[in-house]
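**Student:** Predicted coordinates and the sequence they were generated for:
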Amino acid sequence: MAGDMRIVIIGQEAFGGKVLEALAGQGETVVGVFVPPDREGRPMDPLKVAAQERDIPVLQFRRMRAQEAIDAFMDLKADLGVMAFVTDIVPDEILEAPAKGTIQYHPSLLPKHRGPSSINWPIIQGETETGLTIFWPDKGLDTGPVLLQKTVQIGPDDTLGSVYFDNLFPMGVEAMAEAVSMVSGGSAPRLVQDESNATYEGWCRAADVEIDWNIPVNEIYNLTRGSDPSPGATTTINGESIQFFRTAIRPGDSGKQPGEVIEVADDGFSVASQGGALFVMRVQAAGSRKVMAPEWMEAVGLKAGDRFGT
């Protein structure tokens, strides 16, 4: 029965806020939320806002491993812990405290793509599907038993942003609410992950998405898609760093050197690589904001024959 369990949410940001809204909407009893401390000059965290609107106690600790955070969690006598976008390390004492355990959202089809940047890497690696997992976290990193999974297609023009905001975010909120209902109804499975299929990748950082203009154009395109809007695929021109966003493939070998600007058009520019060219429509030069490519092209006087990777 909805409302019978005492639920505590650990999370943050828009995803955490929407999960709280969804659980409240289906009549669940949320007795507290744990949110990172407020940051000066930044808006209040959406999960904190959603909790305050519903008179739900908000607890904020710099580290969930701190004894005061553990004690505060224990005082809530939770039946179920719900982890909705957690970047801190949550200690075993908290994971194991609720009577019915703790569940967590992870944006990949576990055991594939364990780790913190699990939406970027499937796109960068050219995969055509990914998904989300609600699982029971244990002592390992994304290794606990699976409660439910949903599959998401990665279209040929999808980016990190579109896969997350159009699919994994809204589907993840719904899946969290569904999982809580399954726990409440006693029908939540614990399916052990198949370690033979496990993969792990670390954070997708700028150094991981530097463009090698000698690799096939489709691999460069996947690199740019999987890092758009963050951290942005990086290259250089005349020794200056620049990041590319909103790109497309122009098929057909141009006969030009890899990294050479083939064409400067009204809406962007194309750069030669193996098996085709990368057409770039949005950029961010070092120390500047993101702009549409023509604005930057005009500012630096970009022309055919210029070379990236220099």
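**Tutor:** Arrived safely, thanks for sending.

**Student:** When you work out contacts or count neighbours from here on, use the C-alpha atoms and nothing else.
**Tutor:** Will do.

**Student:** now the longest strand along the chain, how far from the centre of its chain.
**Tutor:** Longest strand in the chain, counting residues (DSSP state E): strand 240-251. Centroid displacement of strand 240-251 relative to its chain, using Cα atoms, centre = their mean, to the nearest Å, is 21 Å.

**Student:** and the closest residue to Val163 other than its chain neighbours, how many residues sit next to it?
**Tutor:** Using Cα to Cα, 6 or more residues apart in numbering and skipping residues adjacent in sequence, the residue nearest Val163 is Ile154, 6.9 Å away. By the criterion of other Cα atoms under 10 Å, Ile154 has 20 neighbours.

**Student:** From here on, call the first residue 44.
**Tutor:** Noted, 44 is the first residue going forward, which turns the last one into Ile197.

**Student:** Now do Ile197 against Ile263, distance only.
**Tutor:** Taking Cα to Cα, to the nearest Å as the measure, Ile197 falls 16 Å from Ile263.

**Student:** Then Ala241?
**Tutor:** 25 Å.

**Student:** So which of these two has more stuff around it?
**Tutor:** Ile263 (25 against 14).

**Student:** Could you say which helix or strand holds the more buried one?
**Tutor:** Secondary structure assignment for Ile263, by DSSP states H and E: helix 260-268.

**Student:** quick one: contacts of that helix?
**Tutor:** The contact list for helix 260-268 (Cα atoms under 8 Å, 6 or more residues apart in numbering) reads 166-169, 200-203, 252, 254-256, 275-276, 287-292, 316-321.

**Student:** And the strands in this protein, which stretches?
**Tutor:** Under DSSP E, the chain gives strands at 49-54, 72-77, 101-102, 123-127, 145-149, 172-178, 189-196, 276-280, 283-294, 304-307, 312-316, 319-328, 334-335.

**Student:** and those as CSV, adding mean pLDDT, mean neighbour count and distance to Ala347?
**Tutor:** Listed next are the strands of the chain as CSV, based on pLDDT from 0 to 100; neighbours: other Cα atoms under 10 Å; distance: least, Cα to Cα, whole Å:
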stretch, mean pLDDT, mean neighbour count, distance to Ala347
strand 49-54, 98, 25, 49
strand 72-77, 98, 22, 54
strand 101-102, 98, 17, 57
strand 123-127, 97, 27, 48
strand 145-149, 98, 24, 44
strand 172-178, 98, 24, 37
strand 189-196, 98, 18, 37
strand 276-280, 97, 21, 13
strand 283-294, 96, 20, 16
strand 304-307, 97, 21, 5
strand 312-316, 97, 26, 9
strand 319-328, 97, 23, 13
strand 334-335, 98, 15, 18
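
**Student:** Can you lay out those as JSON lines showing distance to Glu139?
**Tutor:** Below are the strands of the chain laid out as JSON lines (distance: least, Cα to Cα, whole Å):
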{"stretch": "strand 49-54", "distance to Glu139": "13"}
{"stretch": "strand 72-77", "distance to Glu139": "16"}
{"stretch": "strand 101-102", "distance to Glu139": "19"}
{"stretch": "strand 123-127", "distance to Glu139": "9"}
{"stretch": "strand 145-149", "distance to Glu139": "7"}
{"stretch": "strand 172-178", "distance to Glu139": "14"}
{"stretch": "strand 189-196", "distance to Glu139": "16"}
{"stretch": "strand 276-280", "distance to Glu139": "40"}
{"stretch": "strand 283-294", "distance to Glu139": "42"}
{"stretch": "strand 304-307", "distance to Glu139": "57"}
{"stretch": "strand 312-316", "distance to Glu139": "52"}
{"stretch": "strand 319-328", "distance to Glu139": "45"}
{"stretch": "strand 334-335", "distance to Glu139": "48"}
